[in-house]
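# for reference, the sequence and a predicted model appear below.
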Amino acid sequence: MKNAVKETKIDIGHQPIGQFEETRFEKIHNVIFQDSNKASIQVAHEIASLIKKRQGQKRNCVLGLATGSSPIRVYEELVRMHKEEGLSFKNVITFNLDEYLPMEPNNIQSYFYFMHEHLFNHVDIPEKNIHIPDGTVSNEDTTAYCLSYERKIKENGGLDFQLLGIGRTGHIGFNEPGSHFNSGTRVITLDHITRVDAAPSFLGIDNVPRKAITMGISTVRKAKRIVLLGWGQNKAEIIKKTIEGEVSSHVPATYLQHHDNCTFVLDTGAGSELTRNKTPWLVDACKWNEDLKAKAMVWLCETTGKTILSLTDKDYNDNGMADLLALEDSYDLNIKMFNKLQHTITGWPGGKPNADDTHRPERATPAKKRVIIFSPHPDDDVISMGGTFDRLVEQGHEVHIVYQTSGNIAVSDTDARKYAEIALQIHPSDEAKKIIKSITDKNETQIDSAEVRNLKGKIRRGESYAATRYVGLKDSNVHFLDLPFYETGTIKKKNLSEKDIALVVGIISKIKPHQIYAAGDLADPHGTHKVCLDAVFTACEQLKSESFMKDCWLWLYRGAWHEWDINEIEMAVPMSPGQVLKKRHAIFCHQSQKDGVMFQGDDSREFWMRAEERNRNTANKYKALGLSSYAAMEAFVRHKFN
């Protein structure tokens with residue numbers, strides 16, 4: 001995996017589209033940052049500059065604002081600038097894009113609550129300048145209310161700046177597929193996918209409202225400046241359709257192609273499917289390096305349906321890769337790529353003892369390694385690398401599983417009540433009665449009590465012990481960090497703190513591992529994987545001067561939500577049919593996550609089914625490239641620190 005790249009300040013000001021050859025497939029100006037943090041700060045600074053400019057002109061600054069996870073860091077930076085740099089919001093008038101219907105403003109899921117929590121409560125904006133669609137408006141009054149919302153925007157001179165996110169259906173605001181080009185503020189029925197995406201916040205899809213009030217496409221398009229934020233791999237496909245596809249009501253965000261001052265601000269994950277990033281050899285001459293060669297050759301095999309060793313000069317020439325042949329002939333390219341992939345395959349993830357490790361992904365020594373497997377939630381270890389986990393234990397390494405969070409909010413009330421009732425039958429107690437009453441009396445807007453969260457966490461612990469024992473691990477090698485950032489009782493988590501980092505530093509310092517495995521599954525819809533990975537990265541950075549860290553390698557796994565591309569893989573661990581079955585049974589130990597799982601994402605299948613398909617697909621891709629055939633494979637990328 002590539003090391004982090006230092007970035008200079010990137011200009012996000014609008015530029016004419018298609019002026020350079022590499023962007024000739026694109027119809028919306030976009031800027032890609034290494035990560036969403038830097039991008040968010042840049043967007044916040046543009047907003048701040050506009051506010052100051054309007055102050056200098058003694059005019060109000062009218063902002064259209066979005067909700068959801070994408071703009072949170074933008075709002076944090078605006079709050080920081082207010083508190084530390086004196087940025088005033090007294091001349092700011094805001095109009096929010098949307099609100100659920102029906103929705104009380106004091107409900108923690110309301111966008112009224114969201115905006116006050118993340119921005120308005122922390123700056124000096126006058127309350128009368130804040131406009132958020134009213135989720136309590138009656139059915140008979142909605143038309144008049146929506147027209148008045150439009151009128152207020154117009155009376156204030158229109159939107160100077162509109163901040164947007166984008167949904168997986170291509171919706172902006174709640175303008176779902178099928179929305180009209182000229183639509184105004186109105187009541188809409190939410191798309192099923194939109195409700196599925198919102199389900200984690202509402203602790204179940206049944207609690208997600210079916211309707212919402214939203215600004216229309218026409219309302220948004222009238223803004224003088226539009227900036228759309230796109231973060232993460234799970235947005236990559238819809239970003240590509242929006243930027244490179246045809247304008248269509250099926251992807252409402254494509255209407256932004258007609259705006260003359262619109263910029264998409266993306267991170268590398270969200271921009272990864274754009275033609276200039278996915279297949280740059282199709283748009284312009286490339287500066288070929290080993291990583292790009294591997295990416296291009298895997299793509300060429302998939303495009304032609306050929307194995308690596310079957311590729312010819314004609315295949316390269318016919319598919320935009322003639323300049324690569326100017327560096328090496330096809331025979332040499334094919335042999336090198338075949339060997340590169342073959343050397344990633346190993347049945348010895350901890351290194352093969354007494355063997356030449358020159359071309360193996362892991363070191364032969366020490367023969368018995370100390371290994372930490374970090375698991376963001378209790379079950380990610382077996383879902384994402386259960387076969388490798390089993391191999392490491394079977395081959396005699398000192399394996400430690402470290403569960404980073406309790407995973408308590410992923411346990412349903414039904415499961416928690418079942419366990420509490422069993423406990424009450426075995427040993428009647430006031431505590432069990434209190435838990436049962438708390439669950440029974442809870443409504444959809446309440447968070448679990450501390451006692452209920454504690455019980456749900458214990459359920460996850462018990463399931464974790466069942467799985468690790470099944471694999472053959474001693475209980476003393478299973479560790480639960482219960483990182484504090486997670487313990488809010490809601491989908492919204494706290495920021496990573498020094499206490500979180502200290503817990504990760506502590507366990508690494510105690511075990512002094514030769515290998516660390518951590519989740520690099522950054523398409524995780526609820527974001528905990530990203531925070532947990534940041535905790536591991538930060539801890540390793542703090543410990544890098546320790547002598548034991550010089551012998552420590554960090555491997556990143558995926559598999560819960562998506563998988564590494566073949567050209568990225570640096571270690572592939574094959575599994576036999578028997579090992580696939582053993583992994584499945586280990587996943588089954590996590591019973592609370594097996595049926596009707598709380599955080600399903602966009603895939604309705606159970607996690608063991610998804611994991612098996614991904615592992616099988618990886619093996620099949622290796623086979624299609626001309627390598628050995630296996631039942632399944634788990635894949636890893638090594639992260640190298642500066």
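Structure received.

# where does Phe95 land in three-state SS?
strand (DSSP: H, G, I helix; E, B strand; the rest coil).

# now the worst-scoring helix or strand of the chain on mean pLDDT - C-alpha only, PDB.
Ranking every helix and strand in the chain by mean pLDDT, DSSP states H and E puts helix 192-202 at the bottom, with a mean of 83. Output in PDB follows, covering the C-alpha atoms of helix 192-202 (Å, rounded to 0.1, in the frame of the first residue of the first chain):
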ATOM      1  CA  HIS A 192     -36.200   2.300  -0.500                       C
ATOM      2  CA  ILE A 193     -32.400   2.500  -0.900                       C
ATOM      3  CA  THR A 194     -32.400   5.900   0.800                       C
ATOM      4  CA  ARG A 195     -34.400   4.400   3.700                       C
ATOM      5  CA  VAL A 196     -32.000   1.400   3.900                       C
ATOM      6  CA  ASP A 197     -29.000   3.800   4.100                       C
ATOM      7  CA  ALA A 198     -30.800   5.800   6.900                       C
ATOM      8  CA  ALA A 199     -31.700   2.700   8.800                       C
ATOM      9  CA  PRO A 200     -28.600   2.500  11.100                       C
ATOM     10  CA  SER A 201     -29.300   6.000  12.400                       C
ATOM     11  CA  PHE A 202     -32.900   5.100  13.200                       C
END
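
# each with direction, which strands does the next helix-or-strand element following it pair with?
As assigned by DSSP states H and E, the chain's next helix or strand after helix 192-202 is strand 211-214. The strands beside strand 211-214 in its sheet (DSSP bridges) come out as strand 98-101 (antiparallel), strand 186-189 (antiparallel).

# gap between strand 211-214 and the chain center?
Centroid displacement of strand 211-214 relative to its chain, using CA atoms, centre = their mean, to the nearest Å, is 26 Å.

# now stretch 316-324
34 Å.

# mind listing what's buried along that stretch?
316, 319-321, 324 (16 or more other CB atoms under 10 Å). Just so you know, the C-beta spots here come from the backbone N, C-alpha and C atoms, and that holds for glycine as well.

# for stretch 357-368, same thing?
360-364.

# switch the residues you listed over to CSV; also include secondary structure.
Output for those, formatted as CSV (three-state DSSP):
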residue, secondary structure
Arg360, coil
Pro361, coil
Glu362, coil
Arg363, coil
Ala364, coil
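
# can you pull the contacts of Phe95?
62-65, 131, 149, 152-153, 159, 215 (CB atoms under 8 Å, 6 or more residues apart in numbering).

# just these now: which is nearest Leu424?
Nearest to Leu424 out of the contacts of Phe95 is Leu65 (CB to CB; 48.0 Å).

# any idea how far the closest one is from Glu612?
43 Å (CB to CB, to the nearest Å).

# do the same with Ser629
For Ser629, the distance to Glu612 - CB to CB - is 16 Å.

# more neighbours: which of the two?
Glu612 (20 against 10; other CB atoms under 10 Å).

# okay but that one is in contact with Lys582, surely?
No: counting by CB atoms under 8 Å, Glu612 stays clear of Lys582, with 11.9 Å between them.

# and the nearest residue to Ser201 once chain neighbours are set aside, what does it touch?
Of all residues not flanking Ser201 in the chain, Ile491 sits nearest, at 4.8 Å (CB to CB, 6 or more residues apart in numbering). Residues near Ile491 by CB under 8 Å, 6+ apart: 200-201, 203, 409, 526.

# which one of the residues you listed sits closest to Ile372?
Closest to Ile372, out of all of the contacts of Ile491 and judged by CB to CB, is His526, at 23.1 Å.

# where does the stretch 1-150 of the chain dip in pLDDT?
For the stretch 1-150 of the chain, the stretches with pLDDT under 70 are 1-8.
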